[in-house]
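Enquirer: Here is my input, please return the structure:
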Amino acid sequence: MVNRSVNNFINKLAAKVFYEDEELKHPGGNIVDAVEQARKEWIHAQSYFETVTDPDLVDHAIFLAQAAQKRYIYLLKKAREEGVSLNLGQKG
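Expert: You can find the predicted model right below:
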């Protein structure tokens, strides 16, 4: 059975993918933050896929991972178009 935190994550990710078109561009108006958030969501979706044991949820996990990846790539392209330089995975 899927625990509550995974279920909450799935619901939030689905809401972003399907309903929050403006947030796809710049949540809070900051493309750097949007890219970082999308990266984290992709990592979480991959972790979810790796831990799913119920065969009925495998397709769901694949869909979420692919959707999160596409959102991340989309935001990276938008950042590049805006001339934003990103240091992904580096804290400074």
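Enquirer: Identify the residues contacting the closest residue to Val35 other than its chain neighbours.
Expert: If you skip the residues right next to it in sequence, Val35 has Leu75 as its closest partner in space, 4.7 Å away by CB to CB, 6 or more residues apart in numbering. The C-beta positions use only the backbone N, C-alpha and C, and glycine is treated the same way. In this structure, Leu75 makes contact with 24, 31, 34-35, 38, judged by CB atoms under 8 Å, 6 or more residues apart in numbering.
Enquirer: From Val58, how far out is Leu75?
Expert: As defined by CB to CB, to the nearest Å, Leu75 lies at a distance of 26 Å from Val58.
Enquirer: returning to what we had before: mind putting the contacts of Leu75 into TSV with pLDDT, secondary structure and neighbour count?
Expert: Formatted as TSV, the contacts of Leu75 follow (pLDDT from 0 to 100; DSSP: H, G, I helix; E, B strand; the rest coil; neighbours: other CB atoms under 10 Å):
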residue	pLDDT	secondary structure	neighbour count
Leu24	49	helix	15
Ile31	90	helix	20
Ala34	92	helix	23
Val35	93	helix	21
Ala38	95	helix	22
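Enquirer: For Gly83, state which of the residues you listed is nearest.
Expert: Nearest to Gly83 among the contacts of Leu75: Ile31, at 10.3 Å, using CB to CB.
Enquirer: So for the lengthiest helix in the chain, mean pLDDT?
Expert: Secondary structure assigned by DSSP state H gives helix 55-81 as the longest helix of the chain. In this model, helix 55-81 carries a mean pLDDT of 93.
Enquirer: ok so, going back, let me have the contacts of Leu75 in CSV, adding distance to Gly83 as columns.
Expert: Conversion of the contacts of Leu75 to CSV gives the following (distance: CB to CB, whole Å):
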residue, distance to Gly83
Leu24, 19
Ile31, 10
Ala34, 15
Val35, 14
Ala38, 19
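Enquirer: could you give the mean pLDDT of stretch 41-50?
Expert: Stretch 41-50 shows an average pLDDT of 96 in the prediction.
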